[in-house]
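S.K.: Fold the following, please.
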Amino acid sequence: MKPDTCDDLTRDAFLGGRLHLLQPRDGYRAGVDPVVLAASVNARPGQSVLELGCGAGAAALCLATRVPGLDLWGVELQCGYADLARRNATQNDISFNVVCADLNDLPHPVRGMRFDHVIANPPYFRSGAHSLARDSGRGIALSEQQTPLADWLAVAARRLAPKGYLHMIQRADRLPDMLVGCSGRLGSLEVLPLAARTGRPPGMVILRARKEGRAPFCLHAPCLIHAGERHERDAESYSPEISAVLRQGAALDWPDVRAESRANSTSSKNCYN
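M.R.: Numbering: from 1, shown residues only. This is a model prediction of the structure:
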């Protein structure tokens, strides 16, 4: 990727035009996943947020657009993408401190800080399990290679302040790895599956975990990305909830655990009575 060459970049609108990002034309490009991840974070103005592997800044800057006044930090291995993240923050008038570093060798001051929230959209594929993209930058973004998923979770846990939250989006088949990586480090685990349509198995999940959390594990009902059981016409078909996230910058509300518990209890009684 050549972030200093305008011909190699595109300027793309996010959140219904509230945010515009420079992205490599042929490298890794942000899609729905980082936008939905940002929408799922229950941050408040004045809190601190660290994004691990921030790329060109899509998730962090989407979050900052919805929640102004954050103390926003990002770590990115590829310096070309880190530079793009800084440029995107400047062009959108958002304060974003981005450092180019390996997750396992964080520099000061990041190594000495604790954050209210850590967010991450790690590479989806285990090393060697997926053919690398021709563009090396995109290949690094998609495949673990040098940094396994367990390291992402360990670094996130170390950087969280007590009672701080991790939000991570990943492929559904990596959920067992995520749960193992949280063991002994993070608690109050909640998983929100993301299914493409009604009747289809979830392809992605968002994990929410809390430092020093003690609540029981909760697996929520799937959030549907598209409306209907199939794609029936050549037009956008996002569900109302996801459309509000993508086009209006709305939050993606987590289900009420207590309400779900009451509903499940009632359902169980109905089944066995």
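S.K.: Dead centre of this structure: give me the residue that sits there.
M.R.: L37 (3.6 Å; Cα atoms, centre = their mean).
S.K.: which one is it nearest to, not counting chain neighbours?
M.R.: I169 (4.4 Å; Cβ to Cβ, 6 or more residues apart in numbering). For the C-beta atoms, the positions are set from N, CA and C on the backbone; glycine is no exception.
S.K.: Hmm, D33 and that neighbour touching each other?
M.R.: Yes: between I169 and D33 there is a contact at 5.4 Å, judged by Cβ atoms under 8 Å.
S.K.: Enumerate every residue touching D12.
M.R.: By Cβ atoms under 8 Å, 6 or more residues apart in numbering, the residues touching D12 are 20-21, 23, 29.
S.K.: Report the separation between it and Y165.
M.R.: 28 Å (Cβ to Cβ, to the nearest Å).
S.K.: biggest strand in this structure by residues?
M.R.: In terms of residue count, the longest strand belonging to the chain (DSSP state E) is strand 160-171.
S.K.: helices or strands up against that one?
M.R.: Judged by 3 or more Cβ pairs under 8 Å, 6 or more residues apart in numbering; DSSP states H and E, strand 160-171 is in contact with helix 32-39, strand 115-120, helix 149-159, strand 204-210.
S.K.: who wins for proximity to V245 among those?
M.R.: helix 32-39 (4.4 Å; Cβ to Cβ).
S.K.: Output that closest one as CSV - backbone C-alpha positions only.
M.R.: The C-alpha trace of helix 32-39 is given here as CSV (Å, rounded to 0.1, in the frame of the first residue of the first chain):
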residue,chain,number,x,y,z
VAL,A,32,-19.8,-3.6,7.7
ASP,A,33,-17.8,-5.4,10.5
PRO,A,34,-15.9,-2.5,12.1
VAL,A,35,-18.9,-0.2,11.8
VAL,A,36,-21.1,-2.8,13.7
LEU,A,37,-18.3,-3.3,16.2
ALA,A,38,-18.2,0.4,17.0
ALA,A,39,-21.9,0.6,17.3
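S.K.: For that helix, give the mean pLDDT please.
M.R.: On average, the pLDDT along helix 32-39 is 98.
S.K.: Would you pull up how far that helix lies from the middle of the chain?
M.R.: 6 Å (Cα atoms, centre = their mean, to the nearest Å).
S.K.: neighbouring contacts of the next helix or strand after that helix?
M.R.: Where DSSP states H and E defines the elements, the next helix or strand beyond helix 32-39 is strand 48-52. By Cβ under 8 Å, 6+ apart, the list of residues contacting strand 48-52 from outside reads 41, 43, 59-60, 63-64, 70-75, 103, 110, 113-120, 122, 152, 155-156, 159, 161.
S.K.: same question, stretch 150-157
M.R.: Stretch 150-157 is contacted from outside by 52-53, 103-104, 106, 118, 120, 122, 166, 168, 177-178, 180-182, 185-186, 211, using Cβ under 8 Å, 6+ apart.
S.K.: residues of it that come out buried?
M.R.: By neighbour count on 16 or more other Cβ atoms under 10 Å, the buried set for stretch 150-157 is 151-157.
S.K.: Stretch 31-44 now?
M.R.: Those would be 33-41, 43, for stretch 31-44 by 16+ other Cβ under 10 Å.
S.K.: what do you get for stretch 237-247?
M.R.: Neighbour-count burial for stretch 237-247 [16+ other Cβ under 10 Å]: 237-239, 241-246.
S.K.: now those in CSV, with distance to I206?
M.R.: Shown next, in CSV, are the buried residues of stretch 237-247 (distance: Cβ to Cβ, whole Å):
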residue, distance to I206
S237, 21
Y238, 17
S239, 15
E241, 13
I242, 12
S243, 18
A244, 16
V245, 12
L246, 15
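S.K.: Just the ones of those in strands?
M.R.: Of these, none are assigned to strands by DSSP E.
S.K.: H167 is in contact with the residue nearest to the centre of the chain, correct?
M.R.: Yes: at 6.2 Å, L37 and H167 qualify as touching, with contact defined as Cβ under 8 Å.
S.K.: joint contacts of these two?
M.R.: 119, 206.
S.K.: can you redo the contacts of D12 as TSV with distance to P193, neighbour count and secondary structure?
M.R.: Output for the contacts of D12, formatted as TSV (distance: Cβ to Cβ, whole Å; neighbours: other Cβ atoms under 10 Å; DSSP: H, G, I helix; E, B strand; the rest coil):
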residue	distance to P193	neighbour count	secondary structure
H20	31	14	strand
L21	27	25	strand
Q23	28	23	strand
R29	24	16	coil
